[in-house]
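> fold the following and give me the result.
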Amino acid sequence: MTTTLTQLVTFRLGDDLFAADISSVERVLRYQTPTPIPNVPPWIAGVVEYQKRVLPVIDMRSRFEMAAEPVRPETRFLVFHIGDDWIAAQVDAVLEVISALPAEVAPPPPLFRGLAGEYLRGVVRRKDRLIVLLDATRLLTATERLHLDAVIDERLIVEHSGEEA
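Below you'll find the model as predicted:
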């Protein structure tokens, strides 16, 4: 049995706690209004620029079919690097980094089947609270990534040619 600690970045969506492996998190950014782009799913809030890259912004509330809430001062973007891709995830607040042993990560309960279950790695219990552990590599499917890349590339070509999108 391995005793290697995993570092997890915890964040909040409403009253629910979530976490992602720190190795998939590039940076935490203050909220900025994303630039809208056409022809994308409703859970894509738009794009933002970070380190000369154009990142799609996933509205995590919308992605998880939660009620929309207004942006607050603690709203943040978690920038995930997934292979060669980077994406930003809009969350209500980023809380802290915690450590977890592999034995502390329970498999997702059966009720998390279907769409939402695809994103989950497990559940961690902390101070009588459950923290849902996300698999950041699954926030976008390969098909969704290809579609977004094409739409973003098309938008950049139109902007650089001086035409309106």
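> any idea how far the residue nearest the centre of the chain is from Ala20?
Central residue of the chain (CA atoms, centre = their mean): Ala89, 3.4 Å from the mean position. Taking CB to CB, to the nearest Å as the measure, Ala89 and Ala20 are separated by 8 Å. Heads up, the C-betas are built off the backbone N, CA and C, glycines and all.
> identify the contacts common to these two.
78, 80, 136 (CB atoms under 8 Å, 6 or more residues apart in numbering).
> and of those, the nearest to Phe11?
Nearest to Phe11 among these is Leu78, at 6.5 Å by CB to CB.
> now do stretch 55-69: everything it contacts.
With CB under 8 Å, 6+ apart, stretch 55-69 has contacts from 13-14, 18, 34, 40, 42-49, 77, 79, 86-92, 116, 139-140, 148, 152.
> shouldn't the residue nearest to the centre of the chain be in contact with Ile82?
No. With contact defined as CB atoms under 8 Å, Ala89 does not reach Ile82; the gap is 10.8 Å.
> between the two, what contacts are shared?
Taking CB under 8 Å, 6+ apart as the criterion, Ala89 and Ile82 both touch 136, 139.
> so for stretch 98-107, first residue to last residue, what's the gap.
When the termini of stretch 98-107 are compared using CA to CA, to the nearest Å, they are 18 Å apart.
> and if you look at stretch 110-121?
End-to-end distance for stretch 110-121: 12 Å, by CA to CA.
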